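A.B. asks: Prediction below, plus the sequence it came from.
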Amino acid sequence: MTSPARSLRRTAAAGVALLPALLGGACARPDRPPAAASAAAAPVPLASLPPIRHVFVIVLENSSYAANFGPGSPAPYLADTMVRAGALLTQYYATGHNSLDNYLAMIGGVAPTPQTQGDCQRYAEFVQTGTAPDGQPVGRGCIYPASVPTIANQLEARHLTWKGYMEDMGNDPAREAARCGHAPIGAVDATERAERGDEYAAKHDPFVYFHSILDTPACAANVVPLTALPADLASVATTPTFAFIVPNLCHDAHDRPCVDGRPGGLAEADRWLAAWVPRITASPAFRAGGLLVVTLDEADGSDASACCGELSGPNTPQAGMSGPGGGRTGAVLLSPFIKPGTVSDVPYNHYALLRSIEDLFGLAHLGYAGAPGLASFGGDVYTAPDRGGRGSGAAVAPPAGARPDARGAAAAPR
C-alpha cells in the first residue's frame, strides 16, 4: 500500500510536470453567470477531506468577478496562470460592504454592524446588548469582547498555530506598532489612509478587532509584518497551520492610484501575486499538503448581491447596505489536492470559507459559518484526492522575466 506521504510527494511531482503545459496553454477563463443561473450546482460530497495541514489565505480588494476573471482582465497571473493551475470558484461571494465586515466574517463568522460596514473610522469597542437566537452578538461598535472567539482561538485550543501577515505594518511607528498594529482604543484610526512608506490598514487586519486575540500575548506574537513570511516558509515546522496574508493598500488593488504615484488597482495586485504566490507554493508546507486561497473582500460597490441564503444578522438591515451581500468576486484555490483547471459553480461565500477551513481541522463552526445548508468545500474543489491525483502542487511561476521589487511586488522585466 502506498503511504500517504509518498502519495503526497507523487501528487506534487505530478503538478510540477504539468506546469509547462499549463503555462503554455490557451487562456481558459470561464465566464460563468451569477449563481441564480447556476442553481443546479451543488456540493460534491467526499468520503473524507484530504489531509491538508496548512492553509494560506490571501485577500485582495474591491473588484467584481467580471474584472477579476472575465475576458480582458488586467490581472493575467490571477485570471489565467493561477486559474489554469488550480480551481476557480465562479460563484464565490463576499458577505457585505464595505471592507472590514468581510474580514471579520472570514475569521469570526460575525455579521456586520453599521460601524464595521463603515470600516470603523474610530477604533471603538463593540458594546454588546444581547445575543440573537442564532448566536450572533447584538450591539454596536467594532472591537468584539473576549467572549466572541475566532478561528485563531479555535486553533490554539487544538495546539495548532496561526499567523496574520500584514504588509507594511509598523513601517511608521507613529501610526501603529510593528506587531498587532492598531490605533488606541477610542481614537480615530490613522491607518484608514495610506501614507508614503506605510500602506498598512487596520481595517484589513481582522485579528485586531477581537479582544479574544488583543488581550493575549498571541496578538503581538502572531500578527506580524509580511516580511516575516519568507523565513516562516523555510520549513514545515515554522509554517503556521493557518496563514492570513494581507497586502498593503496598493498591492491589494484598493488604492487607484497609490499614494506613491503607482497606478494601483488589479494590475498592481497581479504583480504582487506573481512575486508571492510562487514563494508559498514552493514551500515545504504547501507541497506536503497545503491549500492556498486567493479571494477578494468585496465586489465593487455597485454589486451588493449574495448567495447561500446569507442572513444580514441582528445589527443592520442589509449586510451589503444597498443589498443582501458583498457581491460576486470569485476565488482561486491551489493545492496538491486540486486538479489543475478545476472549475466549480457551487455557491460559496466568506462564511463558507471559514466553515471549510474549520472542517479541515475538525473545529466547530463559528457564527454564520454554521448556517444551515451552507456548503463547505468538497469534491467539486478537491478534485485530486490523495490517491495518486495530479494536483496543483507546483510552484506557480511568475511571468517570464519578472523579478520582485524591494516591497514584494513583481517588477517588469528589464
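C.D. replies: In hand now; what should we look at?

A.B. asks: which residues of the stretch 201-350 of the chain fall in helices?
C.D. replies: Taking DSSP state H, counting those that start in this stretch to define them, one finds helices in the stretch 201-350 of the chain at 211-214, 218-222, 229-232, 265-281, 284-287, 350-360.

A.B. asks: Columns distance to G370, mean pLDDT and mean neighbour count on top of those, output as TSV?
C.D. replies: Glycine gets a C-beta too; all of them are placed from N, C-alpha and C. TSV is the format used below for the helices of the stretch 201-350 of the chain (distance: least, Cβ to Cβ, whole Å; pLDDT from 0 to 100; neighbours: other Cβ atoms under 10 Å):
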stretch	distance to G370	mean pLDDT	mean neighbour count
helix 211-214	18	98	21
helix 218-222	24	98	18
helix 229-232	30	98	16
helix 265-281	29	98	23
helix 284-287	28	98	22
helix 350-360	7	98	24
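
A.B. asks: Could you dump the ones you listed into JSON lines and include distance to C307?
C.D. replies: Formatted as JSON lines, those follow (distance: least, Cβ to Cβ, whole Å):
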{"stretch": "helix 211-214", "distance to C307": "28"}
{"stretch": "helix 218-222", "distance to C307": "31"}
{"stretch": "helix 229-232", "distance to C307": "31"}
{"stretch": "helix 265-281", "distance to C307": "22"}
{"stretch": "helix 284-287", "distance to C307": "28"}
{"stretch": "helix 350-360", "distance to C307": "9"}
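
A.B. asks: Of all those helices, which one comes closest to S312?
C.D. replies: Between S312 and those, the shortest gap by Cβ to Cβ is with helix 350-360, which sits at 12.2 Å.

A.B. asks: Which other helices and strands does the closest one contact?
C.D. replies: strand 54-60, helix 99-108, helix 151-157, strand 290-296 (3 or more Cβ pairs under 8 Å, 6 or more residues apart in numbering; DSSP states H and E).

A.B. asks: Name the stretch among these that sits most buried.
C.D. replies: helix 99-108 (a mean of 28; mean count of other Cβ atoms under 10 Å).

A.B. asks: name the helices or strands packed onto it?
C.D. replies: Taking 3+ Cβ pairs under 8 Å, 6+ apart as the contact cut, helix 99-108 packs with strand 54-60, helix 114-117, helix 151-157, helix 350-360.

A.B. asks: Ok, which of the ones you listed comes nearest V259?
C.D. replies: strand 54-60 (17.7 Å).

A.B. asks: what does the closest one contact?
C.D. replies: For strand 54-60, contacts defined as Cβ atoms under 8 Å, 6 or more residues apart in numbering pick out 103, 106, 204, 236, 239-247, 252-253, 266, 269, 273, 276-277, 280, 285-286, 288-297, 353, 357, 360.

A.B. asks: Within the sheet, what are the partner strands of it, with directions?
C.D. replies: Here strand 54-60 has these sheet partners by DSSP bridges: strand 242-246 (parallel), strand 290-296 (parallel).

A.B. asks: now for the ones you listed, which one comes closest to Q318?
C.D. replies: For Q318, the closest of the strands paired with strand 54-60 is strand 290-296, at 19.7 Å, according to Cβ to Cβ.

A.B. asks: as a whole number, average confidence for the closest one?
C.D. replies: In this model, strand 290-296 has a mean pLDDT of 98.

A.B. asks: what is the orientation angle of that strand with helix 99-108?
C.D. replies: 160 degrees (axes from the mean of the first three to the mean of the last three Cα atoms, to 10 degrees).

A.B. asks: can you give me how far strand 290-296 is from the chain middle?
C.D. replies: Offset of strand 290-296 from its chain centre (Cα atoms, centre = their mean, to the nearest Å): 6 Å.

A.B. asks: What of stretch 330-348?
C.D. replies: Distance of stretch 330-348 from the chain centroid (Cα atoms, centre = their mean) equals 14 Å.

A.B. asks: again with stretch 246-255
C.D. replies: Centroid separation between stretch 246-255 and its chain, computed with Cα atoms, centre = their mean, is 13 Å.

A.B. asks: Pull out the buried residues from it.
C.D. replies: Neighbour-count burial for stretch 246-255, with 16 or more other Cβ atoms under 10 Å as criterion, is recorded at 246-255.

A.B. asks: what's the straight distance from one end of stretch 221-231 to the other?
C.D. replies: The first and last residues of stretch 221-231 sit 15 Å apart, counting by Cα to Cα, to the nearest Å.
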